[in-house]
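**Q** Could you look at this predicted model? Sequence included:
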Amino acid sequence: MTGVILTLNAGSSSIKFALYGAVAAPALEASGMVDAIGPDARLVLKPEGGEKISTALGKTDHVAGVSAILTALEPLLASRPVLGVGHRIVHGGPEIDGPRVLDAALLDHLETLKPLAPLHQPHNLAAVRAARAAFPDAVQVGAFDTAFHRGHPRVHDLFALPRRYYDQGVRRYGFHGLSYDFIAGKMARDYPDLARGKVIVAHLGNGASLCGIENGRSISSTMGFSALEGLCMGTRPGQVDPGVLLYLMKEEGMGYDDLTRLLYKESGMLGLSGISHDMRELLASDVPEAEEAIAYYCARLAREIGAMAAVLGGVDALVFTGGVGENAAPIRARALEGLGFLGLELDPDANAANATVIDAGRVPVLVLPTDEESVIARSTKALIAE
């Protein structure tokens with residue numbers, strides 16, 4: 001098979017992309033992102049083995065961002081056809097348990113799921129539409145963040161609400177599935193004995209969650225019906241008493257739009273610190289509010305690691321991944337300070353160096369970079385070949 005595969009991972013304020021040769025197993029040729037979508041967007045392109053090229057785009061929305069990506073990649077295509085475009089789709093609903101070709105009927109269905117992922121789904125689908133227009137002959141493939149979590153034991157998918165709501169789709173879905181899929185595959189290849197056991201994976205980035213995996217299968221996730229639940233995140237609060245929302249509705253007159261803005265854009269580390277959602281800025285700050293936000297983040301992370309160990313009935317390995325998980329040694333150290341009773345202890349020097357193996361206790365603790373784009377590319381290649 002000649003040609004290339006393009007992957008698009010559209011978030012609320014960025015679009016990650018990668019270009020893969022599709023002759024055999026997808027081989028990375030270039031990657032990058034359009035960052036800070038809005039008035040001051042910037043495109044970063046890194047050919048594999050080459051230097052990064054950064055270009056200011058100015059005012060850019062998601063459609064213009066995809067167009068800028070295609071223009072930047074044109075010299076690298078070298079007249080090769082784009083055989084498939086793989087897309088990260090955050091929400092696939094209760095039925096989709098793997099990648100799918102994005103035909104018109106499926107896209108119509110995915111549009112109905114926008115209320116379940118308002119921060120991500122509209123942008124994911126906007127990227128699909130832009131790619132279909134640019135490459136009408138390419139196979140468009142969706143790789144779904146929720147798919148990895150399908151098949152949970154029912155007890156981990158339920159809310160204690162009247163049963164009719166479950167049938168309407170009010171259930172725990174779990175997210176970050178592409179990242180967990182990659183880590184589960186890497187564990188199976190590089191650490192097969194650990195992979196057959198009980199593994200807790202902490203995907204810590206601007207969005208953050210934990211997944212409990214046993215023998216490569218998702219058992220439970222800290223994220224549930226939406227990407228708001230669980231751990232504290234960059235701008236999302238994680239766990240919050242529903243009574244708080246009732247209070248805000250009644251006492252402050254907040255409606256749907258107000259609560260959506262509060263929960264998705266104004267809370268989490270940004271809301272707690274009043275400074276930034278970026279963990280790097282908070283770790284470098286000497287402002288007391290930054291320290292308080294970090295302390296809360298680590299306390300919630302420790303609490304959820306302990307809870308996930310209870311769900312799994314133990315822990316045979318802990319894996320940190322994502323931008324914060326891979327790079328923020330102080331966060332890893334503080335989160336595990338009180339978890340020695342689970343066998344989770346760190347080697348300070350290895351942790352400070354962001355080494356792959358950072359444990360000093362009986363339970364292995366690993367730092368593994370995730371690669372969602374490679375999961376999307378493999379899924380796309382597989383469906384092209386069918």
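**A** Perfect, I can see it now.

**Q** which residues are contacting stretch 71-80?
**A** 2-4, 6, 17, 19, 29-30, 32, 43, 45, 47, 53, 55 (Cβ atoms under 8 Å, 6 or more residues apart in numbering). (Glycine included, C-beta is placed from N, CA and C.)

**Q** again, only this time at 7 Å
**A** With Cβ atoms under 7 Å, 6 or more residues apart in numbering as the test, stretch 71-80 has contacts from 2-4, 19, 29-30, 43, 45, 47.

**Q** CA-only coordinates of it in PDB, if you can.
**A** Extracted C-alpha coordinates of stretch 71-80, given in PDB (Å, rounded to 0.1, in the frame of the first residue of the first chain):
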ATOM      1  CA  THR A  71      -0.700  23.600   3.900                       C
ATOM      2  CA  ALA A  72       2.300  22.900   6.100                       C
ATOM      3  CA  LEU A  73       2.300  19.200   5.300                       C
ATOM      4  CA  GLU A  74       2.000  19.600   1.500                       C
ATOM      5  CA  PRO A  75       5.700  19.500   0.800                       C
ATOM      6  CA  LEU A  76       6.100  16.300   2.900                       C
ATOM      7  CA  LEU A  77       3.300  14.600   1.000                       C
ATOM      8  CA  ALA A  78       5.400  14.500  -2.100                       C
ATOM      9  CA  SER A  79       2.400  13.800  -4.300                       C
ATOM     10  CA  ARG A  80       1.500  10.700  -2.300                       C
END
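
**Q** same question for it, mean pLDDT?
**A** The average of the pLDDT scores along stretch 71-80 is 88.

**Q** how far is that stretch from where the chain is centred?
**A** 28 Å (Cα atoms, centre = their mean, to the nearest Å).

**Q** ranges for the helices of the stretch 151-300 of the chain?
**A** Counting by DSSP state H, counting those that start in this stretch, the segments of the stretch 151-300 of the chain that form helices are 163-167, 177-190, 192-195, 242-251, 256-265, 268-273, 279-284, 288-312.

**Q** got the contact list for the fourth one?
**A** Think helix 242-251. Contact partners of helix 242-251, identified using Cβ under 7 Å, 6+ apart, comprise 254, 259.

**Q** ditto for the last one
**A** Defining contact as Cβ under 7 Å, 6+ apart, one finds that helix 288-312 is touched by 198, 200, 202, 210, 212, 214, 219-220, 222, 230-232, 238, 269, 272-275, 282-283, 315, 331, 334-335, 338-339, 342.

**Q** List the buried residues of it.
**A** By neighbour count, and taking 16 or more other Cβ atoms under 10 Å as the criterion, the buried residues in helix 288-312 are 290, 293-294, 296-298, 300-302, 304-309, 311-312.

**Q** What of the shortest one?
**A** If you call a residue buried by 16+ other Cβ under 10 Å, then helix 192-195 has these buried ones: 194-195.

**Q** What is that helix packed up against?
**A** In this structure, helix 192-195 packs against helix 177-190, with contacts taken as 3 or more Cβ pairs under 7 Å, 6 or more residues apart in numbering; DSSP states H and E.

**Q** need the next SSE after the helix or strand containing L110, C-terminal direction.
**A** Secondary structure here is read from DSSP states H and E; on that basis L110 sits in helix 104-111. Elements were assigned by DSSP H and E; along the chain past helix 104-111, the next helix or strand is helix 121-134.
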